[in-house]
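*Asks:* Give me a model of this one.
(one chain, ligands or ions: 1)
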Amino acid sequence: MVAAKIVFITDDNKYYIPADCKTKTSKSLMATLIPAAAPLTKDVEKCFRSKDPSAAGYDFSKLGEVFEFMNQDRASCDGKWIEENLVPSQYKTKDKIRTILDIGCGVGRITVNMAKYFPDAKLIGIDVDKYAIETALKLKEEEKLTNVEFYLMGAEDLKPEWTGIFDWVTMLTVLHDLPNPDPCLRQVLRVMKDNGVMTILDPLCHSDPKLNVGSKLFASSLTMSCYVCLPSSLSEPPAVGNGIGWGFENRAKYLKQNGLTVHGDDSVAVIHCSKAGK
Ligand SMILES: C[S@@+](CC[C@H](N)C(=O)[O-])C[C@H]1O[C@@H](n2cnc3c(N)ncnc32)[C@H](O)[C@@H]1O
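*Replies:* Predicted coordinates:
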């Protein structure tokens, strides 16, 4: 391992893996999420037995363990990860980005790390989950950050005064979870500047189940989707029921049909969009 530069060794013979070399693949993420989600199995069974598709979600306050896991996992999504994985190419020079909205920020780990990465920008994180926002506010305080705010708010209810003010809007593992993505997307288009960018991260799989056959990564993502993403996307009307099985082909089609242009490869987890025609 040392010879292959997987593990490193200090002069006094201590072994370590540098933080930025730790495995951060979707596969390892999904594998470690399963123990956090497993206690929900009975609720998941019940939710899929419901005859009313619009009632097929479950009480999301039960997702505390999953949020706790995410809180720890997302800590490794530091500035380097953000730069390499999220920041659109036109924003690598940091002075171009002044206003950032992180929709469905969860416990705020990535939002806080984005605030550190863009110290001159003003960030807002919003989420519908009370526990998530309370945790994010604690984190902000611990990190003594003044350039980030968190609000308990749905993506459908963004403030009127935010119209046209954001350079960058992010939705990180959120879009496929939504039971009603249309109003959310309309709000994003309203609050984004005309030359703004929206970055979307969703776990990958194909929309056509036949194309997923044989992929261990897609199989583990879809398992997790049954526990968290699919019940979430079924939790209230119109209960579109996307989850991870929505797939990147349907995601790209949906975004294009709803006023966004997807830039570059749309078959990857992280995609960048702008307002169509802008
Ligand atoms: C899988 S978590 C992702 C959290 C965070 N973006 C991250 O990557 O660590 C999805 C988040 O979306 C939030 N969410 C779901 N529906 C929402 C809505 N309509 N408006 C805002 N947030 C929402 C959930 O409460 C949850 O915190």
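
*Asks:* Show the end-to-end separation of stretch 152-160, please.
*Replies:* End-to-end distance for stretch 152-160, by Cα to Cα, to the nearest Å: 16 Å.

*Asks:* any idea which element residue 100 lies in?
*Replies:* strand 99-103 (DSSP states H and E).

*Asks:* buried stuff in the longest strand anywhere in the chain?
*Replies:* The single longest strand within the chain, with elements called by DSSP state E, is strand 192-201. Residues of strand 192-201 classed as buried: 192-193, 196-201 (neighbour count, 16 or more other Cβ atoms under 10 Å). Backbone N, C-alpha and C define where each C-beta goes, glycine included.

*Asks:* Check stretch 119-131 too.
*Replies:* Within stretch 119-131, the residues scored as buried using 16+ other Cβ under 10 Å are 121-127, 129, 131.

*Asks:* for stretch 86-96, same thing?
*Replies:* For stretch 86-96, by 16+ other Cβ under 10 Å, it's 86-88, 91.

*Asks:* I'd like those residues as TSV, with distance to the ligand and pLDDT appended.
*Replies:* Output for the buried residues of stretch 86-96, formatted as TSV (distance: Cβ to the nearest ligand atom, whole Å; pLDDT from 0 to 100):
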residue	distance to the ligand	pLDDT
86	10	94
87	15	94
88	17	91
91	18	74
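
*Asks:* Need the mean per-residue confidence for stretch 2-22.
*Replies:* Per-region confidence: stretch 2-22 scores 75 on mean pLDDT.

*Asks:* Could you tell me which residues make contact with residue 233?
*Replies:* Residue 233 makes contact with 176-179, 239-243, according to Cβ atoms under 8 Å, 6 or more residues apart in numbering.

*Asks:* Now do it against residue 182, distance only.
*Replies:* Residue 233 sits 13 Å away from residue 182, going by Cβ to Cβ, to the nearest Å.

*Asks:* Ok, residue 206 next?
*Replies:* 23 Å.

*Asks:* neighbour count winner among these two?
*Replies:* residue 206 (17 against 13; other Cβ atoms under 10 Å).

*Asks:* Thought residue 247 was touching that one, still the case?
*Replies:* Yes: assessed by Cβ atoms under 8 Å, residue 206 is found in contact with residue 247 at 4.9 Å.

*Asks:* How about the residue nearest in space to the middle of the chain, nearest residue that isn't a chain neighbour?
*Replies:* Here the mean C-alpha position of the chain is nearest to the C-alpha of residue 172 (Cα atoms, centre = their mean), at a distance of 2.0 Å. Excluding its sequence neighbours, the residue lying closest to residue 172 (Cβ to Cβ, 6 or more residues apart in numbering) is residue 201, at 4.4 Å.
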